[in-house]
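>>> Here is my input, please return the structure:
(one chain, ligands or ions: 2)
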Amino acid sequence: MSEDCLFCKIIDGKIPSTEVYRDDDVFAFEDINPAAPTHILVIPTKHLKDIKAANKEDRDLLGKILLTANQISNERGLAHDGFRYVINTGKHGGQTVYHLHLHILGGRSLNWPPG
Ligand code: 5GP
Ligand code: ZN
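Ligands and ions are numbered 1, 2, ... in the order given. You can find the predicted model right below:
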């Protein structure tokens, strides 16, 4: 828990969100400003500021984030046509919230390369 972190506050319920999945390690919720018909954020309940902050002890946690994303993608019917997972990192990566999060984007054809 980081006192001044938006996503820690969302995990704690201090800021409301539309919950998609929760367990002790992982939380998933609808992005407030969806960039695609399905746009869900999957985050660790542990505060890690970005993917670079993860280390060996977080190996299972990182795997769980990806597998949770797969479960949600399946439940949302994205598996057939595909989807994209994104982890924006740092200034050049376009990260705006410094609590590690994986974006699930799906429900339309996505452009590549990104802007
Ligand atoms: P980033 O740009 O850091 O990769 O992504 C941050 C994401 O968090 C953005 O897609 C943004 O719409 C989402 N976001 C920012 N503030 C809130 C909020 O208060 N609630 C929810 N549900 N999503 C948020
Ligand atoms: Zn946090």
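>>> In this structure residue 50 contacts residue 89, no?
Yes - using CB atoms under 8 Å, residue 50 is in contact with residue 89, at 5.2 Å. C-betas here are computed from N, CA, C, even on glycine.
>>> Now the common contact residues for those two.
Common contact partners of residue 50 and residue 89 (CB atoms under 8 Å, 6 or more residues apart in numbering): residue 95.
>>> the more surrounded of those two?
residue 50 (17 against 14; other CB atoms under 10 Å).
>>> Check the spacing between the more buried one and residue 101 real quick.
Counting by CB to CB, to the nearest Å, the separation of residue 50 from residue 101 is 9 Å.
>>> Same question for residue 69.
Taking CB to CB, one finds residue 69 at 11 Å from residue 101.
>>> Which neighbours do these two have in common?
residue 42.
>>> ok, the nearest residue to residue 36 once chain neighbours are set aside - contacts?
Excluding the flanking residues, the one nearest residue 36 by CB to CB, 6 or more residues apart in numbering is residue 105, at 4.4 Å. Residue 105 is in contact with 35-36, 38-39, 83-86, counting by CB under 8 Å, 6+ apart.
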